[in-house]
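Peer 1: Build me a model from this:
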Amino acid sequence: MRTVAIACRTIEDEINAVAKALPGSCPIRWVESGLHNFPVKLKDRIQQEIDIADGAENILLLFGYCGNSVEGLRASRSRLVLPKVDDCISLLLGSNKSRLEVGNEAHSYFLTDGWLRYENNIYREYLHCVQKYGQKRALSIFRTMLANYSALAFIDTGTYDLDDLMAKTSEFAASLNLTQMVVPGNLSLIGKAFREEWDEDFLKVPPGVVLQINYHPIPSLIQQTSG
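Peer 2: Numbers count the residues shown, from 1 in each chain. Below you'll find the model as predicted:
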């Protein structure tokens, strides 16, 4: 098999939307959501899937660096390919540069329908806190936690009902003095990944090489030696 992709269920809607629009897209193996706050566990799960897929010519990792959870990954017989993005937010915005540009406009907490469905996100934690401590105390806690944020930024990837999501979180945003804003998504990097247009926007890790990232001046492999 030429290429197998491994991806996170949190961005399943976006990945499936791109894959279905392209003829002959590679098979996708899914890593369950909810592991982003546990980088070691996330790394172990990705490695498990790599070991299963090892032997394909290429293994496409549709993840960002996600708290260094990709550091130390290795395939014995396959080349690993992954986009040069810090996390899934940058992946859905098209690049790290786009993420920084949005961040310069407002200190934003990013959301998509996938994050609200699957991940331990700020909205879910707030609802849990209200249930446990009451609304007054929950508001006090979360106003402190989010003191450096000014907006909830919804990434419009075209794969979910944006109005429904904003309505669902409107009271939460207003209570915490957060503006709701919409940021255009850009799935072009995912498209390039599936079309195997692996240019300077991607890391290519040869078989047997341990993935170690040098972040400066731009992300690249630290060394080309077998692990």
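Peer 1: which regions of the protein lie under the pLDDT threshold?
Peer 2: Across the chain, the ranges flagged by pLDDT under 70 are 103-106, 119, 215-227.
Peer 1: Now do the helices in it.
Peer 2: Remark: helices assigned in the chain by DSSP state H are 12-20, 39-53, 88-93, 96-105, 113-118, 122-133, 135-145, 162-175, 188-194.
Peer 1: Pipe these into JSON lines and attach mean neighbour count and distance to Ile155 per row.
Peer 2: Backbone N, C-alpha and C define where each C-beta goes, glycine included. Shown next, in JSON lines, are the helices of the chain (neighbours: other CB atoms under 10 Å; distance: least, CB to CB, whole Å):
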{"stretch": "helix 12-20", "mean neighbour count": "18", "distance to Ile155": "9"}
{"stretch": "helix 39-53", "mean neighbour count": "17", "distance to Ile155": "21"}
{"stretch": "helix 88-93", "mean neighbour count": "26", "distance to Ile155": "5"}
{"stretch": "helix 96-105", "mean neighbour count": "15", "distance to Ile155": "9"}
{"stretch": "helix 113-118", "mean neighbour count": "20", "distance to Ile155": "9"}
{"stretch": "helix 122-133", "mean neighbour count": "15", "distance to Ile155": "15"}
{"stretch": "helix 135-145", "mean neighbour count": "14", "distance to Ile155": "21"}
{"stretch": "helix 162-175", "mean neighbour count": "14", "distance to Ile155": "9"}
{"stretch": "helix 188-194", "mean neighbour count": "20", "distance to Ile155": "13"}
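Peer 1: Take these and lay them out in TSV including distance to Gly67.
Peer 2: TSV is the format used below for the helices of the chain (distance: least, CB to CB, whole Å):
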stretch	distance to Gly67
helix 12-20	20
helix 39-53	4
helix 88-93	11
helix 96-105	15
helix 113-118	15
helix 122-133	17
helix 135-145	19
helix 162-175	25
helix 188-194	19
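Peer 1: List just the one of these that sits closest to Pro27.
Peer 2: helix 39-53 (8.8 Å; CB to CB).
Peer 1: what helices or strands is that closest one leaning on?
Peer 2: Packing partners of helix 39-53 (3 or more CB pairs under 8 Å, 6 or more residues apart in numbering; DSSP states H and E): strand 3-8, strand 28-31, strand 58-62.
Peer 1: Tell me how far it lies from the chain's centre.
Peer 2: 15 Å (CA atoms, centre = their mean, to the nearest Å).
Peer 1: Sweet, I'm off.
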